[in-house]
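Colleague: Here is a sequence together with a model predicted from it:
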Amino acid sequence: VKGSKLKQIRGRARIKADAENVLKLFQSSSVNKIREFNPMYADGEDLEKVNGYTKISWSKTHGVPFFSARDFVTFVQLLRTTKGDILILNKSTDHPKCPSGLGGCVRANMILGANCVTPLNQNGECEFTFVQHVDVGGALPAWLINKIMLSDSVSFIKRIEKAAQTSFNNDIDDRRSRSIPITRFLRQSQNEISLRPKLI
């Protein structure tokens, strides 16, 4: 993105997962389910429901050595186009229930988060496209943030695919649970996937 040292990451892949199940992932309130595709997720809460497709949410990531926990307050919209595409849009905002610095977290800025899910056929496949432009805050240099975001992009798609294939039977709201150990953010892809992450 012109004028920003932080790179916007884009990726697209055809995955073996039903589009409606991918949508359920982003609607889930289950900590364990969220961690299937976002292993750094530590906690979260819906702060305000604006309408049937818009809400304001708070989420927190685990801290790791030399990397403090981060939290986000985001404006979230879930939309459908007339062609059947599903759009999940995220952008940072403020909310009086969660002021910056809450619980010692560094407040991160979701400059833009966008996910598009396009149903493809009757075989339960879809095309998943994501755009991420994030400022994690704190003193981390932009080059390191860019490297981390790009390195995880392929694994992120694979986690989405796998999580959307597994059961949603235990999808209960168990957020505010902090008992599960920290998991690694960076995972190396072992298998090829039809994705070309781009730095913009």
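Modeller: Cool, the structure landed.
Colleague: quick one: Lys24 is in a helix?
Modeller: Yes - assignment of Lys24 by DSSP: H, G, I helix; E, B strand; the rest coil places it within a helix.
Colleague: Can you give me the distance of it to Asn109?
Modeller: 27 Å (Cβ to Cβ, to the nearest Å). Quick note: C-beta positions are derived from backbone N, CA and C, even for glycine.
Colleague: can you tell me which residues contact His125?
Modeller: Quick fix: residue 125 reads Glu, not His. By Cβ atoms under 8 Å, 6 or more residues apart in numbering, the contact set of Glu125 is Arg14, Ile15, Lys16, Ala17, Asp18.
Colleague: Would you mind finding the longest helix in the protein?
Modeller: Longest helix of the chain, by residue count under DSSP state H: helix 142-165.
Colleague: Now do it: which elements does it pack against?
Modeller: strand 9-15, helix 19-27, helix 31-37, strand 126-135 (3 or more Cβ pairs under 8 Å, 6 or more residues apart in numbering; DSSP states H and E).
Colleague: Run the angle between it and helix 19-27 for me.
Modeller: With axes from the mean of the first three to the mean of the last three Cα atoms, to 10 degrees as the basis, helix 142-165 and helix 19-27 are set at 130 degrees to each other.
Colleague: Any chance of CSV for the helices and strands packed on helix 142-165, columns mean pLDDT?
Modeller: Shown next, in CSV, are those (pLDDT from 0 to 100):
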stretch, mean pLDDT
strand 9-15, 95
helix 19-27, 93
helix 31-37, 92
strand 126-135, 95
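Colleague: Need the ones you listed in JSON lines (columns: mean neighbour count and distance to Ala69).
Modeller: Formatted as JSON lines, the helices and strands packed on helix 142-165 follow (neighbours: other Cβ atoms under 10 Å; distance: least, Cβ to Cβ, whole Å):
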{"stretch": "strand 9-15", "mean neighbour count": "19", "distance to Ala69": "22"}
{"stretch": "helix 19-27", "mean neighbour count": "18", "distance to Ala69": "22"}
{"stretch": "helix 31-37", "mean neighbour count": "19", "distance to Ala69": "15"}
{"stretch": "strand 126-135", "mean neighbour count": "20", "distance to Ala69": "15"}
